[in-house]
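Trainee: got a sequence here, can you model it:
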Amino acid sequence: MISELVRQLPTESTQQAVGYPTLFLLVVLGSLIPVVPTGALVSTAAVVAFHQSDPFSLLFVFAVASCAAFLGDIALYWLGRRGVHSKNGSRWLEALRKRVPHARLVQTTEKLEQHSKSVLVLSRLIPAGRIPVMLACLLGGMPLRMFARGDVPACLAWAAAYQLIGILGGSLFNEPWKGVLVAVALTLLVSGAPAAWRRVRAGS
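Mentor: Residues are numbered from 1 along each chain as shown. Here you go, the predicted structure:
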């Protein structure tokens, strides 16, 4: 049933014309609203690109995902900086602050002062690490330009990591839908591992 639906999908050119803008918009949205699973989106797109005949498909997925992630991060940071100095924005910033435990915010701020660029890169690679680091940057008064310089390699590394997950899933099966299932499962496993580890440590 699923394999039959895959065979009835539109042509590669149609998929690309619709898929790349959709991927871009969803990753931007996911950067602004952290509940959107952007890592799974990139991995899924990489699986589909891996099975296409166009040799540049994977490169396009990487470029679209990294650029969209960067644009979303910059937009969110810009809104955060405005929020620091505005009444309505301060409410938004306070709501964002409540999502991050105080101890974790203090720890992130200390690491950021010592290794700003490497912390920004890791914040993109570690699930649920981006918001605490961004919040620490905002409260520390980091200029937008400095944040952008550190966010470029962070977004490139993030896009490459989740694309590799998609390539791994796509290489295991001839049918794209099977590779998508594996890629999504791997992405969810990677995303949930840190939270599970924290619960284990808290329980012990």
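Trainee: wait, residue 42 touches residue 23, no?
Mentor: Yes. Using CB atoms under 8 Å, residue 42 is in contact with residue 23, at 7.5 Å. C-beta here means a position set from N, CA and C on the backbone, and glycine is covered the same way.
Trainee: for whichever strand or helix holds residue 40, packing partners?
Mentor: Using DSSP states H and E, the element containing residue 40 is helix 38-50. Other elements packing on helix 38-50 under the criterion 3 or more CB pairs under 8 Å, 6 or more residues apart in numbering; DSSP states H and E are helix 12-32, helix 57-84, helix 144-172, helix 176-203.
Trainee: could you check the angle helix 144-172 makes with it?
Mentor: With axes from the mean of the first three to the mean of the last three CA atoms, to 10 degrees applied, the angle from helix 38-50 to helix 144-172 works out at 50 degrees.
Trainee: run a quick neighbour tally on residue 72.
Mentor: Residue 72 sits with 23 neighbouring residues when counted by other CB atoms under 10 Å.
Trainee: and what of the one 3 residues further on?
Mentor: Counted with other CB under 10 Å, the neighbours of residue 75 add up to 13.
Trainee: that one is in contact with residue 33, isn't it?
Mentor: No. Using CB under 8 Å, residue 75 is not in contact with residue 33; the gap is 11.2 Å.
Trainee: residue 42 and residue 23 - which one has more neighbours?
Mentor: Using other CB under 10 Å as the criterion, residue 42 and residue 23 rank with residue 42 on top: 32 against 22.
Trainee: who touches the more buried one in this structure?
Mentor: If you count contacts by CB atoms under 8 Å, 6 or more residues apart in numbering, residue 42 has them with 23, 27, 61, 65, 159, 162-163, 166.
Trainee: want to throw these into a markdown table with distance to residue 140 and pLDDT?
Mentor: Shown next, in a markdown table, are these (distance: CB to CB, whole Å; pLDDT from 0 to 100):
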| residue | distance to residue 140 | pLDDT |
| --- | --- | --- |
| 23 | 32 | 91 |
| 27 | 26 | 93 |
| 61 | 34 | 92 |
| 65 | 28 | 95 |
| 159 | 26 | 94 |
| 162 | 28 | 88 |
| 163 | 31 | 91 |
| 166 | 35 | 83 |
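Trainee: of all pairs in these, which one is the farthest apart?
Mentor: 27 and 166 (13.6 Å; CB to CB).
Trainee: for this structure, give me the ranges with low pLDDT.
Mentor: For the chain, the stretches flagged by pLDDT under 70 are 1-18, 84-116, 173-204.
Trainee: between the contacts of residue 42, which sits nearest residue 81?
Mentor: residue 27 (21.6 Å).
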